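Novice: just a sequence and a predicted model for now, questions to come.
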Amino acid sequence: MTTQDGQPLIHARGLVKRFGELVAVDAIDFDLQRGEAFGFLGPNGAGKTSTMRMIGCVSPVSEGTLRVFDLDPAEDGVEIRARLGVVPQEDSLDLELTVRENIIVYGRYFGLARSVLKQRADELLDFVELTERAKDRVEPLSGGMKRRLTIARSLVNEPEVLLLDEPTTGLDPQARHVVWDRLYRLKRQGVTLLLTTHYMDEAEQLCDRLVVMDKGKIVAEGSPRELIERYSTREVVELRFADDDGRPEDFSEWTDGLVSRVEPLPDRVLLYTDDGDAASHGLHERGLVPESILVRRSTLEDVFLHLTGRSLIE
Amino acid sequence: MTDYALSLRPLEFFFAQYKRVWRGTIVSSVVTPIIYLTAFGFGLGTLVDRSADLPDGISYLEFVAPGLLAATAMQIASFEASWPVLSAIKWSRQYHAMLATPLRIVDIVLGHQGFIAFRMLMTATIYLGAIAAFGAVNSPLGLLAIPVTVLVGVAFAAPIAAWGAYTETDASFVAIFRFLIIPMFLFSGTFFPIDRLPGVLEVVAYATPLWHGVDLCRQLTLGDVHPASALVHVVYLLAFTGVGLALAFYSYRRRLLV
Ligand SMILES: Nc1ncnc2c1ncn2[C@@H]1O[C@H](COP(=O)(O)OP(=O)(O)O)[C@@H](O)[C@H]1O
Ligand SMILES: [Mg+2]
């Protein structure tokens, strides 16, 4: 093992990726420790995939330091990739082959023996609940099943780190929950996860620690709870107005002293406060009557909004 | 873990995929030569033989059969190196799956070309068997036409794969077939000696890799080998293969490692 205890599995300092003039990843620093589930949360175009591809040794680093298992992606790609599991943003399954063949062929790329792979394929298909589809072609499977197969395939070499680039993007809510459940199990088994997402609930569910990424830069880092405590309030009051006439131009006269921050969005207004009920009660007393009032807990979406002034999903 | 073993691993995919379609390709490998040899050898051949000015008194069937062998290799290999390469990059993304494992660009290039070479081996063996059954193999040297056909296939497949990994869409493939492959099929000595072409076209035909493959296969099946020209043919085809592989390596890299 090249990685000693306490030394990060992945280490990046001032990591840059350029495509011509465009700076896709702009000098980011992060470390991934063994056993943790670490996330990159950011909107489309933030530079998440570019970062994952550099880690996966399929995209040359433009500048800065990147070490994976204390090895250099430019020199030691073969060894690094042998120890990584990759779930890419875009599926790359062999649609003409069967579900089981997909795992076995992929395992052969790692040089694993066919006898080992047969057993491992059965275990992995069981793990992602695709045993019944083992002999079916991949093409007609649902998006969720394909994603689960991609995850099973990525585990065939028993990777030390599993890279997941938007593992549930494009899936319906039910399929997402099945994928989350499987990832949660992997996490409990001690597999180190590095995932990207633009879903704040996914980041909240799965990540022990995450960085918020925007326009190639890391704008904040911490556990989901720490980030919410640091950059948001405990609760949020969401106001919606029937039309623009009913919506005040300036909220300060209504909310002064009631809430700590106001975030007007095109379709609604967010009021940040530690006590949502008290705030909405106060508004009512001052005579502001929106069409609807919703009190909810703060999420990473609010953190992102606060840090960047934009929402995660356009 | 030797480098050599790594380059064989992509074959796992191509063989797994081929396992689903091999029967069809074998059938067409058997039927195609029978149709061509019947049409050109017997049908057209009876007319040609009557006017009889082929060299050394050989029949038209004996003349055209080795040409068809090389030309068929060119067509199959060119197809296998065009759409499947772009697809493995853009649509089905198998190359990307391979690159998430220890496989390197060089393994992907050599693995895919290796599979095409295997396809050529199967095709050439069956085709040569058919030619022999038609009585148009005059010498045991004809067996060497099999490795030569494999070489012809890769001499086309390698540079076309380089283009397939470079181009953004498949539009150019149709043009390659229409303006390069089919004219070569018709004018590179498959059906008539290229000295019948008007001056400059003869020179062009001479420069095509297909002509070198056709003439070499012909020398072998007729058992009339001219060592110097045979050597030139082999070197010419190897040069196309070598340059093609180098270009493919460069273009795969540029496309896949961004
Ligand atoms: N191969 C490429 N060539 C040019 N620009 C690219 C390429 N890949 C990504 N980009 C650009 O880099 C930026 C970051 O993209 P990406 O890393 O895919 O972000 P994310 O995964 O967070 O959506 C985007 O502006 C994107 O258009
Ligand atoms: Mg992405």
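Specialist: Looks like it came in fine. Numbering: from 1, shown residues only, chains lettered A, B, ... in the order given. Ligands and ions are numbered 1, 2, ... in the order given.

Novice: how about the residue of the stretch 101-250 of chain B found nearest chain A, phi and psi?
Specialist: Distance from chain A to each residue of the stretch 101-250 of chain B (CB to the nearest CB) is smallest for B:Thr101, at 3.8 Å. No exception for glycine: its C-beta is placed from N, CA and C like everyone else's. The main-chain torsion angles of B:Thr101 are listed as degrees, to the nearest 10 and equal phi -120, psi -180.

Novice: that one touches A:Phe110, doesn't it?
Specialist: Yes. Applying CB atoms under 8 Å, one finds B:Thr101 in contact with A:Phe110, separated by 5.5 Å.

Novice: any shared contact partners between the two?
Specialist: Shared contacts of B:Thr101 and A:Phe110, defined by CB atoms under 8 Å, 6 or more residues apart in numbering or on different chains, are found at A:82, A:157.

Novice: the two - which one has more neighbours?
Specialist: More neighbours sit around B:Thr101 than around the other of B:Thr101 and A:Phe110, counting by other CB atoms under 10 Å in any protein chain shown; the figures are 26 against 19.

Novice: quick one: residues contacting the more buried one.
Specialist: B:Thr101 sits in contact with A:81-82, A:106, A:109-110, A:157, B:9, where contact means CB under 8 Å, 6+ apart.

Novice: can you do 10 Å?
Specialist: A:78, A:81-82, A:84-86, A:106-111, A:154, A:156-157, B:6, B:9-10, B:107 (CB atoms under 10 Å, 6 or more residues apart in numbering or on different chains).

Novice: before we move on, what about A:Gly309?
Specialist: Taking CB under 10 Å, 6+ apart as the criterion, A:Gly309 is in contact with A:214, A:263.

Novice: mind checking which of the contacts of B:Thr101 are buried?
Specialist: Buried members of these, counted by 16 or more other CB atoms under 10 Å in any protein chain shown: A:78, A:81-82, A:84-86, A:106-111, A:154, A:156-157, B:6, B:9-10, B:107.

Novice: helices - which of the contacts of B:Thr101 land there?
Specialist: Judged by DSSP state H, helices contain the following of the contacts of B:Thr101: A:78, A:81-82, A:106-109, A:154, B:6, B:10, B:107.

Novice: how about a markdown table for the residues you listed, with distance to B:Val85 and pLDDT added?
Specialist: Rendered in a markdown table, the data for the ones in helices among the contacts of B:Thr101 read as follows (distance: CB to CB, whole Å; pLDDT from 0 to 100):
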| residue | distance to B:Val85 | pLDDT |
| --- | --- | --- |
| A:Val78 | 23 | 97 |
| A:Arg81 | 22 | 98 |
| A:Ala82 | 25 | 97 |
| A:Tyr106 | 20 | 98 |
| A:Gly107 | 24 | 97 |
| A:Arg108 | 21 | 96 |
| A:Tyr109 | 18 | 97 |
| A:Ser154 | 25 | 98 |
| B:Leu6 | 19 | 91 |
| B:Pro10 | 12 | 93 |
| B:Asp107 | 15 | 97 |
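
Novice: ok, so of those, who is nearest ligand 1?
Specialist: The shortest separation between ligand 1 and any of the ones in helices among the contacts of B:Thr101 is 17.8 Å, and it belongs to A:Ser154 (by CB to the nearest ligand atom).

Novice: can you pull out the helices in chain A?
Specialist: Applying DSSP H to chain A gives helices spanning A:48-55, A:77-83, A:99-109, A:114-127, A:143-154, A:173-188, A:200-206, A:224-231, A:252-255, A:276-286, A:300-308.

Novice: and the third one, what does it pack against?
Specialist: With contacts taken as 3 or more CB pairs under 10 Å, 6 or more residues apart in numbering or on different chains; DSSP states H and E, helix A:99-109 sits against helix A:114-127, helix A:143-154, helix B:10-36, helix B:94-99.

Novice: could you say what helices and strands the first one packs with?
Specialist: In other words, helix A:114-127. Where contact means 3+ CB pairs under 10 Å, 6+ apart, helix A:114-127 is packed against helix A:99-109, helix A:143-154, helix A:173-188.

Novice: please name the nearest non-neighbouring residue to the residue of the stretch 101-250 of chain B closest to chain A.
Specialist: Taking CB to CB, 6 or more residues apart in numbering or on different chains as the measure, B:Thr101 lies nearest to A:Tyr109, with 3.8 Å between them; neighbours along the chain are not counted.
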